[in-house]
Structures are given as structure tokens and as C-alpha cells.
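# pasting the structure only:
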């Protein structure tokens, strides 16, 4: 199973991300737009790994408290366009703790530096347009284990399990 750990946007953030995608589409920008149901912020990409129980043990071992994330800016990695997430010590710490917990259990993950973003569009050759990203925030109270799989409609991300984040 192709797995990753993510934060799923609440309805408010999802609406803003969809608004940005529609603005790009209305501007004639073509490419593979991320389906609204697939929008997410990846904390750790695991890739092919068969043992979801051990991954959930890793997630559950991390001591989280609710924290806020805020949309901020946008950019691209070559042919991939994304909406940024404001720099946050709590978010960076969350990703670092998760990755450490995976490492301690010998669960492989992509070691690239954590760069918080939500992918909006893939495979585009258009120049990056001017976008007015609204600095909307949400409180993160859930960390999700996600499964990436192909369907007849294309790539689908399915939440397999999640850990609720509570205050101490």
C-alpha cells in the first residue's frame, strides 16, 4: 500500500483552495488539478509499506496538542503548483516528531526537508499567475494515515485511520 501521513483541510480552507483552482481554470490554465477530496498537507510520505498497524503505532506515540495552520502564499516546483502554509513551530515540530517515530520503528519515509504546502495543480506548462491567497486558518485536531491508490477516476487518497489531537 502506498501510504502517507497528512492533515486534511477543514471546509473553510478547502473552499479557499478550490477558489484558487477555479481562478486558475477560469484563466485558461490547463494541467491535472488536485481533486477537492484529495487536497491535503503531507507531514510524512512513506510510500509502499504493508503494515498500517505499525504506522498507526508511530503516529499514536507522538504527543500532539492542537495547533493552528494558516494558508500563506503560493509557488511551484517546476510543473507543480501549490498553496503555501505559514511557517509554524508547532507544525514543524509535529512533522519532525512523526518522522522520528517512523525512523524508530524502521518505517521508511521520504527524507526530503519538510516544506508545508498543499498541491493544487500538476503537469502544467503555464506561467505562474498572480493569486490572492486569503490567509485563512484552521486548528489541527486530527492527523490522518492516508492510502494513495489508482481508481478508474484517477488517483484517490483515502483516510485509513486517524489520531485525534487533544489538549492536555
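Happy to help now that I have it. What you see is a predicted model; the values in this text were computed from it and never measured.

# only C-alpha atoms for contact and neighbour calcs from this point on.
OK.

# phi, psi of the most centrally placed residue in the chain?
For the chain, the residue nearest the mean C-alpha position is residue 41 (1.5 Å; Cα atoms, centre = their mean). The phi and psi values for residue 41, taken as degrees, to the nearest 10, are phi -110, psi 110.

# hey, what's it bridged with?
Note on residue 41: beta-bridge partners residue 7, judged by DSSP bridges.

# pLDDT value on it, please?
pLDDT, residue 41: 98.

# residue contacts, it?
6, 7, 8, 9, 116, 117, 118 (Cα atoms under 8 Å, 6 or more residues apart in numbering).

# same thing with residue 110?
Residue 110 touches 44, 45, 46, 47, counting by Cα under 8 Å, 6+ apart.

# point out where this protein drops to low pLDDT.
For the chain, the stretches with pLDDT under 70 are 168.

# quick one, strands of this structure?
2-7, 32-33, 41-48, 67-77, 80-85, 117-122, 137-140, 142-151, 154-164 (DSSP state E).

# need the contacts of residue 110 in CSV with neighbour count, can you?
As requested, the contacts of residue 110 are arranged in CSV below (neighbours: other Cα atoms under 10 Å):
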residue, neighbour count
44, 22
45, 18
46, 21
47, 16
